[in-house]
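A.B. asks: Predicted model and sequence follow; I will ask about them next.
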Amino acid sequence: MVYLQLFVEFFKTGLLAIGGGLATLPFLKEIAQTHSWFSVSQLTDMIAISESTPGPIGINMSTYAGFHAAGIPGAIVSTLSLVLPSYFIILIVSRFMEKFRNSPLVNNIFYGIRPATAGLIAGAMFEVFVLSLFDTQAYAASGSLLDLFRFIPIVVYLAALVGVFRLPKLHPIVFIICGAVLGIVLRL
């Protein structure tokens, strides 16, 4: 039963998350809230792992979530179900694209998809920002404003932000490695 649920959830995600891996974040957050496969806080771990490993972030995240839910078979099911909608859509679009290449309607549809995709990615970025730097659950439980902020991650974020602007020629892998080391040392 869990495999069918994984298939349905990740197939929906693959079908509706236009714009790549970060556009899957709202769907993954919804999955975390409706199923016990992973928590919202584990979602931030999935993002960190997926961003720092080779390959598309959406595939990495679906594989991680599927593995967490049902081991290796779950990872395979969730990964394949995330990819299948894109595969079918590409097959369909490629058959008709040549015929409608110069159609103003088709061009307008593609132009309309662009801002929607940008909005999905911006929304995902905001979600990652909030999940990483603020602890809304602790704040809701205590009501104390001090419990809302995750001070160490905020300091690390600000240091990385300053580093990116002060050292623009430094390769991004240096920041990823520093972030990984700090995460391990500080147990983030």
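C.D. replies: In hand now; what should we look at? None of the values given here were measured: they were computed from a predicted structure.
A.B. asks: host element of the closest residue to residue 8 other than its chain neighbours?
C.D. replies: Nearest residue to residue 8, sequence neighbours excluded (Cβ to Cβ, 6 or more residues apart in numbering): residue 81, at 7.7 Å. (Glycine included, C-beta is placed from N, CA and C.) Here residue 81 sits within helix 57-100, counting by DSSP states H and E.
A.B. asks: That helix - contacts with which helices or strands?
C.D. replies: Judged by 3 or more Cβ pairs under 8 Å, 6 or more residues apart in numbering; DSSP states H and E, helix 57-100 is in contact with helix 2-16, helix 25-34, helix 40-52.
A.B. asks: at 6 Å what do you get?
C.D. replies: helix 2-16, helix 40-52 (3 or more Cβ pairs under 6 Å, 6 or more residues apart in numbering; DSSP states H and E).
A.B. asks: hang on, the earlier thing: report how many residues lie close to the residue nearest to residue 8.
C.D. replies: For residue 81, the neighbour count with other Cβ atoms under 10 Å is 23.
A.B. asks: One more: residue 9?
C.D. replies: For residue 9, using other Cβ under 10 Å, the count is 24.
A.B. asks: And the pLDDT for the residue nearest to it when sequence neighbours are not counted?
C.D. replies: Among residues not flanking residue 9 along the chain, residue 31 sits closest, at 5.3 Å (Cβ to Cβ, 6+ apart). pLDDT recorded at residue 31 is 87.
A.B. asks: can you check residue 20 too?
C.D. replies: pLDDT, read off for residue 20, is 69.
A.B. asks: again with residue 82
C.D. replies: Reported pLDDT for residue 82: 91.
A.B. asks: Can you point out the buried residues in the worst-scoring helix or strand of the chain on mean pLDDT?
C.D. replies: Least confident helix or strand of the chain, by mean pLDDT, DSSP states H and E, is helix 40-52 with a mean of 76. For helix 40-52, the neighbour count (16 or more other Cβ atoms under 10 Å) marks 43-44, 46-48, 50 as buried.
A.B. asks: That concludes my questions; thank you for your assistance.
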